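[1] Sequence and predicted structure below; questions after.
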Amino acid sequence: MSDQVAESGQRLVGMAVPDLGFPATTGHVVDLAQEPLGDFVVFIYPRTGRPDRPEGDDWALIPGAKGCTAESCEFRDLAAEFSLIGLSIFGLSTQDTEYQREAAERLHLPYPLLSDPQMKLGRALGLETFSYDGVELYKRATLVVRDRVIVMAQLEITDAASHPRDLLAILSTPTGS
């Protein structure tokens, strides 16, 4: 993780995760502040693509926009390892639950994707966004939450594909959160 990514998230460390509910691809509403949820990683991404709807060439030019599917699949492939260090996984974007359900099924994700079309989490935490084709989307970010408190926040993530593995390496070290 670059120093810039580490420093940019420092303002969120120590904050309680907001008491907000989000529709999930499991059919339930997930409230990130609820105690039974346990400790978790929530990766926040702009949007997943679909094979039948290719992105325009300009999408790849937006820093950190490309790679949502690769990031989701890498978290999928590492889910058991995150579980071994006591963390469950959630993905979150502004896309509606039906759209996300297609991605969760197609990619065989073992964790829920959460829908935040009103950007409630972003407003509560001051997360950055960008506009594309007239739609406001989240910039890529990841929060690690233990005991309902943000213990690590990574913002300005530009390499979506390697990010989950890099995060796991940090969290697996004795000094990791």
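    Now that the structure is in, tell me what you want to look at. Residues are numbered from 1 along each chain as shown.

[2] now for whichever helix in the chain runs longest, which elements pack on it?
    Ranked by residue count, the top helix of the chain under DSSP state H comes out as helix 68-84. With contacts defined as 3 or more CB pairs under 8 Å, 6 or more residues apart in numbering; DSSP states H and E, the secondary structure elements packing on helix 68-84 are strand 40-44, strand 88-93, helix 163-172. (Each C-beta comes from the backbone N, C-alpha and C, glycine too.)

[3] just checking, which of these sits deepest inside the structure?
    Among those, strand 40-44 has the highest mean neighbour count (mean count of other CB atoms under 10 Å), at a mean of 24.

[4] average pLDDT across that strand?
    In this model, strand 40-44 has an average pLDDT of 96.

[5] List the strands paired with that strand, with their directions.
    Strand 40-44 has the following strand partners under DSSP bridges: strand 88-93 (parallel), strand 141-146 (antiparallel).

[6] In this protein, where is pLDDT below threshold?
    Applying pLDDT under 70 to the predicted model, the residue ranges of the chain that meet it are 1-8, 49-68, 175-177.

[7] That one: strands as residue ranges?
    With DSSP state E as the criterion, the chain has strands at 21-23, 29-31, 40-44, 88-93, 113-115, 129-132, 135-138, 141-146, 149-155.
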